[in-house]
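A.B. asks: model this:
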Amino acid sequence: MALEDQPSPGDAATPHGPRGEPPAAELSAELTRLLEELAPIGRARGGGYTRLAYTPVEADLRAWFAAQADARGLGVEEDRAGNLWAWWGGPPTPGAGPAAVATGSHLDSVTRGGAYDGPLGVLSAFLAVDVLRRRGLTPARPLAIVAFADEEGARFGVACTGSKVLAGLLAPERALALRDDDGVSLGEAWTASGRDPRTLAAEPSRLDGLAAFVELHVEQGRGLADLDAPVAVGSAIRPHGRWRFDLAGRADHAGTTRLEDRDDPMLTHARVVLSARQAAARCGAVATVARVVVDPGSVNAIPSRVATWLDARADDEAVVRAVVDEVAAVAGVTPTEESWAPRVDLDAALRERAAALVARRHGAAPVLATGAGHDAGILAAAGVPAAMLFVRNPTGVSHAPEEHAEPGDAAAGVAALADVLEELTGR
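C.D. replies: Numbering: from 1, shown residues only. Predicted coordinates:
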């Protein structure tokens with residue numbers, strides 16, 4: 001189903017939104033209340049939030065999701081990849097009835113991350129349902145709110161695990177074998193959380209039953225702050241990947257081993273860091289070395305091994321690969337590709353109609369590509385028509401406590417999301 005095939009709100013709309021819609025101040029207050037509800041969950045010492053997959057903290061987030069759904073009379077289910085779905089109208093029957101529309105994001109975070117990356121999209125989805133009900137909407141097709149599992153990959157190292165397994169882009173056996181820093185596998189974490197790892201599987205029929213997916217997300221850069229606009233529409237997700245460099249050396253004493261006798265892999269690590277920055281600047285990319293594991297990790301010993309992770313992103317896939325190749329040449333080793341996401345163009349028809357709806361409210365609809373990965377990109381790569389809405393982040397900072405969205409901008413995002421969902425679901 002193409003978005004442009006849906007009727008517009010027509011006479012029900014005003015320049016400021018459909019009749020019956022709650023005032024922006026009311027939406028802002030409700031957004032603030034929901035964020036305050038989530039604030040105690042996973043609060044990290046030193047600031048920010050640590051909400052890792054399949055931990056007691058994440059279980060509390062899932063309980064919050066279920067409570068929000070229950071308060072709205074929405075039925076909740078967990079799919080075979082660990083993602084939560086709250087249904088307005090019930091899940092569609094495969095091969096019968098209209099296909100569903102889904103919206104949402106994720107609830108997990110990076111270590112000491114911000115309050116908005118992920119949760120803003122989930123709570124905005126619940127509030128968009130409230131707005132649609134205030135408008136008197138009865139959806140002509142099922143509508144689901146989704147909380148995808150382990151989107152950040154902060155615990156097990158692979159981002160968008162839940163959506164990738166669901167879409168068949170990550171094999172269950174590989175997912176189950178992923179390990180965290182304590183050596184706990186994802187399969188063991190599933191068992192500890194009361195799940196049966198043998199049930200982890202793709203669900204192609206679930207994605208076949210989706211007419212569209214719309215994800216609202218706080219912007220993870222300065223695009224909207226510089227353009228002075230509250231809401232933007234996503235156009236594409238740039239290609240990106242992560243590579244692990246295993247740098248070998250020889251362990252020895254830090255105080256008695258002469259410099260000329262050392263085989264210190266930390267020196268190679270330093271060259272990797274510098275070459276990544278230089279290659280990225282030369283190629284018009286971004287590259288980051290932010291994870292390092294040193295063995296044995298003693299302050300008075302020369303390491304025997306350093307594992308260094310490189311994150312590289314650019315507008316063009318060939319540019320990303322060129323950066324990695326240049327760093328590999330400096331390191332003198334072949335890196336292990338931990339993950340790779342090719343460029344994903346979001347659905348053009350959805351983008352154009354969403355931009356028109358945003359422009360109707362705000363007079364402008366910036367269209368932005370993003371270098372951040374999202375579950376919307378995974379579903380789009382699997383063939384689901386997908387769109388994204390970005391809410392202004394005045395700090396331009398993400399994956400850190402300074403990440404922010406003003407209540408008024410977030411309320412504008414909810415209203416825009418409700419507009420798009422109204423057109424997608426019909427009356």
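A.B. asks: so who does the residue positioned nearest the centre of the chain touch?
C.D. replies: In the chain, the centroid-proximal residue (C-alpha atoms, centre = their mean) is His374; its distance is 3.8 Å. For His374, the contact set (C-beta atoms under 8 Å, 6 or more residues apart in numbering) comprises 105, 151, 160, 215, 217, 237, 388. In this view, the C-beta of every residue, glycine as well, is placed from N, C-alpha and C.
A.B. asks: Now render those residues as TSV, adding neighbour count and secondary structure.
C.D. replies: Output for these, formatted as TSV (neighbours: other C-beta atoms under 10 Å; DSSP: H, G, I helix; E, B strand; the rest coil):
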residue	neighbour count	secondary structure
Ser105	26	strand
Glu151	28	coil
Cys160	27	coil
Glu215	30	strand
His217	26	strand
Ile237	26	strand
Met388	30	strand
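A.B. asks: Would you reformat those residues as a markdown table and include pLDDT and distance to Gly223?
C.D. replies: Putting those into a markdown table (pLDDT from 0 to 100; distance: C-beta to C-beta, whole Å) gives the following:
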| residue | pLDDT | distance to Gly223 |
| --- | --- | --- |
| Ser105 | 98 | 18 |
| Glu151 | 97 | 21 |
| Cys160 | 96 | 22 |
| Glu215 | 98 | 16 |
| His217 | 97 | 12 |
| Ile237 | 96 | 14 |
| Met388 | 98 | 12 |
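A.B. asks: Please, where are all the helices along the stretch 1-150 of the chain?
C.D. replies: Per DSSP state H, counting those that start in this stretch, the stretch 1-150 of the chain has helices spanning 24-38, 56-71, 119-134. These are given in chain order.
A.B. asks: Please apply the same query to the stretch 301-427 of the chain.
C.D. replies: Under DSSP H, counting those that start in this stretch, the stretch 301-427 of the chain gives helices at 317-331, 348-362, 375-381, 407-425.
A.B. asks: So which elements touch the last one?
C.D. replies: Using 3 or more C-beta pairs under 8 Å, 6 or more residues apart in numbering; DSSP states H and E as the contact criterion, the neighbours of helix 407-425 among helices and strands are helix 24-38, strand 100-106, helix 119-134, strand 210-218, strand 231-237, helix 348-362, strand 386-391.
A.B. asks: can you rerun that using 10 Å?
C.D. replies: Here helix 407-425 touches helix 24-38, strand 100-106, helix 119-134, strand 143-148, strand 210-218, strand 231-237, helix 348-362, strand 386-391, going by 3 or more C-beta pairs under 10 Å, 6 or more residues apart in numbering; DSSP states H and E.
A.B. asks: In a markdown table: those, plus distance to Thr191.
C.D. replies: Listed next are the helices and strands packed on helix 407-425 as a markdown table, based on distance: least, C-beta to C-beta, whole Å:
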| stretch | distance to Thr191 |
| --- | --- |
| helix 24-38 | 27 |
| strand 100-106 | 22 |
| helix 119-134 | 26 |
| strand 143-148 | 21 |
| strand 210-218 | 30 |
| strand 231-237 | 33 |
| helix 348-362 | 39 |
| strand 386-391 | 32 |
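A.B. asks: In terms of residue numbering, what are the domains of this structure?
C.D. replies: Annotated domains of the chain cover 3-238+343-425, 240-341 [automatic domain parsing].
A.B. asks: which one of those domains is the most hemmed in?
C.D. replies: Mean neighbours per residue, mean count of other C-beta atoms under 10 Å, is largest over the domains of the chain for domain 3-238+343-425, with a mean of 20.
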